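In: how does the following fold in three dimensions:
(one chain, ligands or ions: 1)
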Amino acid sequence: MRLIFLGPPGAGKGTQAKLLTERYGIPQLSTGDMLRAAVAQATEVGKRAKAVMDAGQLVSDEIVNEIVSDRIDAPDCAKGFILDGYPRTVPQAKALDRMLESKGLKLDAVIELKVDEAALVRRMENRVAETIAAGGTVRSDDNPEAFKRRLTEYREKTAPLSEYYAGTGQLKAVDGMADVDTVTAEIEKILA
Ligand code: AMP
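Out: This is a model prediction of the structure:
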């Protein structure tokens, strides 16, 4: 099973991807998590990505294409994977098409979580409050200014992917405003 999750920041892609990893025994590949790990380890990629990420802007296609291509070659991706936060631009989607073709792999579905943008800022604020209450560390791009920038980036660069995948016949839309269990059930219906 090879899936892509599409949707703006805070739509619940990560939450749903995590639940599906347990159900299907395939890993969640979050480019955001991979980049944050690179920043934490101060690798070359991490050093190049940090300022861009903190500003809520997109890291270059070249960097993310390469980390995804390497990651899907790992043995735990043999049964499939869930891409969360990648592709994020039409050029990334085209690069992914070429990447999968060269590896002899095919996507099963692209699931778009549709959400109301006004609710996203509230979700981000709740996520920050919950993280602080649990004694965790808040993401450096989870502040109102960077979050708005991430939403703008989404609207301008990522939203056109819906049309791209509608064109390939792979796009499935789900109402991301419903509660977590309902969204999961809808996704499982699509995948059944
Ligand atoms: P996320 O955890 O998916 O919200 O990603 C956090 C940040 O990592 C984004 O705001 C971008 O700066 C960067 N990022 C993650 N995935 C990508 C991607 N596919 N293309 C470019 N930048 C990305």
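
In: any residues touching the biggest helix by length in the chain, and which ones?
Out: In terms of residue count, the longest helix belonging to the chain (DSSP state H) is helix 117-133. Applying CB atoms under 8 Å, 6 or more residues apart in numbering, the external contacts of helix 117-133 come out as 8, 9, 10, 11, 137, 138, 142, 144, 147, 148, 151, 177. C-betas here are computed from N, CA, C, even on glycine.

In: can you tell me the closest non-neighbouring residue to the second one?
Out: Take residue 9 and drop its neighbours on the chain: the residue closest to it by CB to CB, 6 or more residues apart in numbering is residue 150, 4.6 Å away.

In: cool, and the fifth one?
Out: Beyond its immediate neighbours in the sequence, the residue positioned closest to residue 137 (CB to CB, 6+ apart) is residue 131, lying 7.2 Å away.

In: measure that neighbour to the ligand for me?
Out: 14 Å (CB to the nearest ligand atom, to the nearest Å).

In: can you give me the pLDDT of that residue?
Out: Here the pLDDT value assigned to residue 131 is 92.

In: for residue 141, same thing?
Out: pLDDT at residue 141 comes out at 87.

In: surely it and residue 150 touch.
Out: Yes: in terms of CB atoms under 8 Å, residue 141 counts as a neighbour of residue 150; the distance is 6.7 Å.

In: okay, and the common contacts of those two?
Out: With CB under 8 Å, 6+ apart as the test, residue 141 and residue 150 both reach residue 56.

In: with just CA atoms, put stretch 168-186 into PDB.
Out: The C-alpha trace of stretch 168-186 is given here as PDB (Å, rounded to 0.1, in the frame of the first residue of the first chain):
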ATOM      1  CA  THR A 168      -4.300  11.200 -12.800                       C
ATOM      2  CA  GLY A 169      -7.500   9.800 -11.300                       C
ATOM      3  CA  GLN A 170      -5.800   9.000  -8.000                       C
ATOM      4  CA  LEU A 171      -7.300  11.700  -5.800                       C
ATOM      5  CA  LYS A 172      -9.800  10.800  -3.000                       C
ATOM      6  CA  ALA A 173     -11.200  13.600  -0.800                       C
ATOM      7  CA  VAL A 174     -12.200  13.100   2.800                       C
ATOM      8  CA  ASP A 175     -13.900  15.600   5.200                       C
ATOM      9  CA  GLY A 176     -11.100  16.400   7.600                       C
ATOM     10  CA  MET A 177     -13.300  18.400   9.900                       C
ATOM     11  CA  ALA A 178     -15.000  15.300  11.300                       C
ATOM     12  CA  ASP A 179     -13.700  13.700  14.500                       C
ATOM     13  CA  VAL A 180     -10.500  11.600  14.200                       C
ATOM     14  CA  ASP A 181     -12.300   8.200  14.300                       C
ATOM     15  CA  THR A 182     -14.800   9.200  11.600                       C
ATOM     16  CA  VAL A 183     -12.000  10.500   9.300                       C
ATOM     17  CA  THR A 184     -10.100   7.200   9.900                       C
ATOM     18  CA  ALA A 185     -13.300   5.200   9.000                       C
ATOM     19  CA  GLU A 186     -13.800   7.200   5.800                       C
END
